[in-house]
Structures are given as C-alpha cells and as structure tokens.
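Trainee: fold the following and give me the result.
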Amino acid sequence: MKFLGLRLCEHDSNISYYTGEEVLYYKLERHTQKKYDAYNNFELWIDDIKKIWGVTPNDFEEIGIVFDPWAYKLKDQFFFPETTFKYLPYNMTRVNHHYAHALSSWPLYEECNTHFVFDAEGDLNIGWTVFKNNKIYDIGYLDKKESVGKAYNNACYLLGIEGAGGLNAAGKLMGLQSYGKLDEEYLSKIKNFTLKNVDVIFNFSLYEQHVGDKLLASHKKLDWIHTIHFYMSSVMVNFFKEVVDSENDYITYSGGVAQNVVWNTSLKKQFPNLVIPPYCGDEGLSLGIVEYLRLKHKQPKGVLNEYML
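Mentor: A predicted model of the protein is given here:
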C-alpha cells in the first residue's frame, strides 16, 4: 500500500511518501530556497509529487493532511476519528495536528508509548497534548490559557522583539533572556505555579507588583524573562515526571516549544531516553501523517531516506 502525508498551509509545507518499503520526504523551502515557504494554492502539491516522484493522488490508497486550525476554520473538528473529504476525487483524510507531531518521531525509536506535544495551538484550541499508550492522557486548553507557545509569543511582544508572533521570534527570546539576571526573591514568589498556570508565570504585571514601580520594572524586563525562563525548566521537568512511569522510559517531545534548547537540556538530564526529533516543528508533520496511515492499515514500517536526517 502507498500513502501520502501533506502539511501545506501557511508555513513549512512538507510532503512524505510511504512507498510500502521506504518513506521519501520533500520540503518546499529546500526547492524554493525561501525559509518557511508554503503553498499558496491547495493544488500545487499535485504538480510537485508528479515532478519529484512520478505519482498522482490516485496512486495512493489514502492521503493524510494536517491543517493549521486558524488558517482553515472547518466545520468538522473531530479529534478521533479523523475527518474525510468526500468531495475530492481521491481518498483524503484529515489527521489531528498534535497526533501527527506525536507520531513523527517514529524513525528515531523502536518502541515508545508516551508522547509530549507542545506548541502555540493545535486543533480544537489545544495548547499541548500528552499521548500515553495510544490514548489522550492530558490536554492544555487555550480557553484556560494553557499554552506555553502562546505565553512565550506574548513575552516576545512585551519585550519588543522584532517579528514578534513570527516563526523566528521565540529563538530570539531564548537568546535574549540569557542577558538577564536571576531574581531569587521573585523566583521564590512564583515557585508554586505549575504548567496549568503558565499564563500567570508569564504575567508581567506580577513582576511589576514585585518591583513596586512600573517604570523600574520596565527597565528590568531582562531580569524578569530570565527568571521565568529559568523557572520554566523545572516546571517542564515536573510536568514530565507526573506522566512518565520511569525516568528511563523512551519518551518523545515535539511541537514548536520543543525547539527550546535551554529547557531541553534540563529535560534530557532528567530523562536520558528523551527523543526530540530534529524536525520537531511543523516541518515534521507529514512524517507523522504517513505513520498514522501505516498503523491504521497495519503495514510494515518503512525506512526513512537519509535526505531527511
């Protein structure tokens, strides 16, 4: 059986092709040399798969696709089962954004039952999802302000980072925070907040109250972001501890937040078998889609070509 995985909209368009024996990968930006490039037309990918691999949509038993939830407000927002597109002349299935992230690490482990996915927003207004034993174990909801990615983006705006809200901003903030100093006293005041309070942890007004003067606090923003960034390492570690059965278990971590190497360092020290794919952002979604379809149809595991890794 042959499957195709599509991540098309807004940024980082990528396609994966399961041939029955191997998995081939294509990322649009490598062809156009435009960072984060994406298709601006739903059907352009059809021409590309024909040029690259000599195939058409009807050559596949099933095609899976992930949408950015804010880019396409579809009526059907099911988590499981998937949504099908009956009006298309080929068999296409919508796969959940976070589930595709969770399954994308398949080339990097033999067996893994726990998957953490953190980004700004997935389907159904979800900020994070934990999958354990092929079931949803925990969810962070945007309407409860439970999104690490959203909180991080808001801090980018507060600090006046160029391109705040864009794909490059979070990396700039991660570097910028290193210029601040740790405020031990403020750290002691926020030490009881957990991941469920992530919006409170990133709430600058609390720091203004701590400093006692808004003008002075505005000049100490680097100390504020350094302190909460430092604290978030332990918040993430403690959250993972609550889920994982053993610190030696194989676990995966993906989504845009998984690109924070500062927090990743703390997580890796605690969980030596933590797997974070080098394509942990949306550029890896098509790999998760074809893995979902492979498991659904009970097909043998493919071998990922070296070009991806």
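Trainee: and stretch 195-205, average pLDDT?
Mentor: Averaged across stretch 195-205, the pLDDT comes to 95.
Trainee: residue 57 touches residue 48, doesn't it?
Mentor: No: look at residue 57 against residue 48 with CB atoms under 8 Å: they stay out of range, at 11.7 Å. Backbone N, C-alpha and C define where each C-beta goes, glycine included.
Trainee: of those two, who's got more company?
Mentor: Ranked by neighbour count (other CB atoms under 10 Å), residue 57 and residue 48 place residue 57 first, with 18 against 15.
Trainee: can you pull the contacts of that one?
Mentor: For residue 57, the contact set (CB atoms under 8 Å, 6 or more residues apart in numbering) comprises 4, 46, 49, 63, 89, 90, 92.
Trainee: including secondary structure, could these go into CSV?
Mentor: What follows is these, written out as CSV (DSSP: H, G, I helix; E, B strand; the rest coil):
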residue, secondary structure
4, strand
46, helix
49, helix
63, strand
89, coil
90, coil
92, strand
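Trainee: most neighbours among those residues, which one is it?
Mentor: Going by other CB under 10 Å, residue 4 tops the contacts of residue 57 with 27 neighbours.
Trainee: parallel or antiparallel, which strands does the longest strand along the chain pair with?
Mentor: Ranked by number of residues, the top strand in the chain under DSSP state E is strand 114-122. Strand 114-122 pairs in its sheet with strand 126-132 (antiparallel), strand 251-254 (parallel), by DSSP bridges.
Trainee: please parse the chain into its domains.
Mentor: The chain breaks down by automatic domain parsing into domains covering 3-104+281-304, 108-275.
Trainee: pick out the shakiest of those, pLDDT-wise.
Mentor: domain 3-104+281-304 (a mean of 86).
Trainee: now do the strands in the protein.
Mentor: Using DSSP E, strands in the chain cover 3-7, 14-18, 22-27, 62-66, 83-84, 92-94, 114-122, 126-132, 135-141, 251-254, 274-275, 303-304.
Trainee: grab the nearest non-local neighbour of the residue most central in space within the chain.
Mentor: Centroid-nearest residue in the chain, with CA atoms, centre = their mean: residue 255, separated by 1.4 Å. Closest residue to residue 255 apart from its sequence neighbours, by CB to CB, 6 or more residues apart in numbering: residue 119 at 3.7 Å.
Trainee: from residue 93, how far off is that neighbour?
Mentor: 21 Å (CB to CB, to the nearest Å).
Trainee: these two - which one has more neighbours?
Mentor: Set side by side, residue 119 and residue 93 show more neighbours around residue 119, with 25 against 18, by other CB under 10 Å.
Trainee: thanks a lot, catch you later.
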